[in-house]
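model this:
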Amino acid sequence: MNQDMIIQQTRQWVQSKLENESSGHDWHHIQRVTTQAVEISKVEGGNRFIITLAALLHDLIDDKVVESEEAGIEEVTNWLVDQGVPKNEQDTILSIITTISFKGGNNAPVTSLEAQIVQDADRLDAIGAIGIARTFMYAGNKGHLMHVPKAHYRESMTVEEYRQSPSSAIGHFYEKLLKLKGFMNTNEGKRRAEERHQYMKQFLSQFYDEWGNEAPF
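Residues are numbered from 1 along each chain as shown. As a prediction, this is how the structure comes out:
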């Protein structure tokens, strides 16, 4: 099994599937997450092959992107089989990509170092300047409002509420993005999250100044 060849072919396959995705979960998001995951693994350790493949494949089973999570899992499994990835490594990769999503904060904490690294990398791309841009892109894609003044932001949600209940771009900061710094797993992930978290708070402060009401923090 040539691991470098498998990674390269997987890059090309994922790019072909997500290049024109318009909800903020496109190929460039995958590239950024994969780069961050590899960089974090250089500090924290872990199986680099597993981390890289899981980062590349993580959105192909996400119900924000695909119509059926089950069909996505089957497609990813078939891809790994066709590439000759050993069964134990297939299982590890699938375990990672099916457990790292936020889903309203309802998923149990991941335990393996590889899963922690990929989750941290994915969450880093949801905060900071890129995270802000992706939030508004996703809100527009789903027809959500930009801001609802004096809205009640939900502290906890079921998976169904997180996916289906209407929110707003600004609401998403309170229901997810500002929480992510506290959910980082690795020391390197926490270090990288700090600056991005502060940038989001600065953005919100400026947003409220321009909107005409005070930031609630």
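
show me where this protein has helices.
Taking DSSP state H as the test, the helices found in the chain are 3-18, 27-44, 48-57, 69-82, 87-97, 113-124, 128-142, 159-164, 169-175, 187-211.

now the residue of the chain positioned farthest from its centre: how far from residue 153?
With C-alpha atoms, centre = their mean as the measure, the chain has its most outlying C-alpha, relative to the mean C-alpha position, at residue 212: 31.5 Å. As for residue 212, its distance to residue 153 is 19 Å (criterion: C-beta to C-beta, to the nearest Å). Placement of C-beta: from N, CA and C, glycine included.

what of residue 90?
For residue 90, the distance to residue 153 equals 39 Å [C-beta to C-beta].

do residue 187 as well
29 Å.

just for the chain, where's the confidence low?
103-107, 154-166, 214-217 (pLDDT under 70).

if we can go back for a sec, any chance of TSV for the helices of the chain, columns distance to residue 148 and mean neighbour count?
What follows is the helices of the chain, written out as TSV (distance: least, C-beta to C-beta, whole Å; neighbours: other C-beta atoms under 10 Å):
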stretch	distance to residue 148	mean neighbour count
helix 3-18	30	15
helix 27-44	26	19
helix 48-57	34	24
helix 69-82	29	15
helix 87-97	33	18
helix 113-124	25	26
helix 128-142	11	17
helix 159-164	16	13
helix 169-175	7	21
helix 187-211	11	15
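
same list, the ones you listed, but as JSON lines with distance to residue 181 please.
Formatted as JSON lines, the helices of the chain follow (distance: least, C-beta to C-beta, whole Å):
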{"stretch": "helix 3-18", "distance to residue 181": "27"}
{"stretch": "helix 27-44", "distance to residue 181": "15"}
{"stretch": "helix 48-57", "distance to residue 181": "20"}
{"stretch": "helix 69-82", "distance to residue 181": "27"}
{"stretch": "helix 87-97", "distance to residue 181": "21"}
{"stretch": "helix 113-124", "distance to residue 181": "9"}
{"stretch": "helix 128-142", "distance to residue 181": "10"}
{"stretch": "helix 159-164", "distance to residue 181": "19"}
{"stretch": "helix 169-175", "distance to residue 181": "12"}
{"stretch": "helix 187-211", "distance to residue 181": "4"}
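
any idea how far the residue nearest the centre of the chain lies from residue 59?
Centrality entry for the chain: nearest residue to the mean C-alpha point is residue 122, 3.7 Å, by C-alpha atoms, centre = their mean. In this view, residue 122 and residue 59 are 9 Å apart by C-beta to C-beta.

ok, residues contacting stretch 68-86?
Contact with stretch 68-86 is made by 1, 6, 9-10, 13, 53, 57, 60-63, 66, 89-90, 93-94, 97-98, as judged by C-beta atoms under 8 Å, 6 or more residues apart in numbering.

would you mind writing the CA trace of it as PDB?
Below are the C-alpha coordinates for stretch 68-86, written out as PDB (Å, rounded to 0.1, in the frame of the first residue of the first chain):
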ATOM      1  CA  SER A  68     -27.900  11.100   3.300                       C
ATOM      2  CA  GLU A  69     -25.200  10.500   5.900                       C
ATOM      3  CA  GLU A  70     -25.700   6.700   5.500                       C
ATOM      4  CA  ALA A  71     -25.100   6.900   1.700                       C
ATOM      5  CA  GLY A  72     -22.000   9.100   2.400                       C
ATOM      6  CA  ILE A  73     -20.600   6.600   4.800                       C
ATOM      7  CA  GLU A  74     -21.100   3.800   2.200                       C
ATOM      8  CA  GLU A  75     -19.400   5.800  -0.500                       C
ATOM      9  CA  VAL A  76     -16.400   6.700   1.700                       C
ATOM     10  CA  THR A  77     -16.100   3.100   2.800                       C
ATOM     11  CA  ASN A  78     -16.100   1.800  -0.800                       C
ATOM     12  CA  TRP A  79     -13.500   4.400  -1.700                       C
ATOM     13  CA  LEU A  80     -11.200   3.300   1.200                       C
ATOM     14  CA  VAL A  81     -11.700  -0.400   0.200                       C
ATOM     15  CA  ASP A  82     -10.900   0.400  -3.500                       C
ATOM     16  CA  GLN A  83      -7.700   2.200  -2.400                       C
ATOM     17  CA  GLY A  84      -6.500  -0.900  -0.400                       C
ATOM     18  CA  VAL A  85      -6.700   0.800   3.000                       C
ATOM     19  CA  PRO A  86      -6.500  -2.000   5.700                       C
END
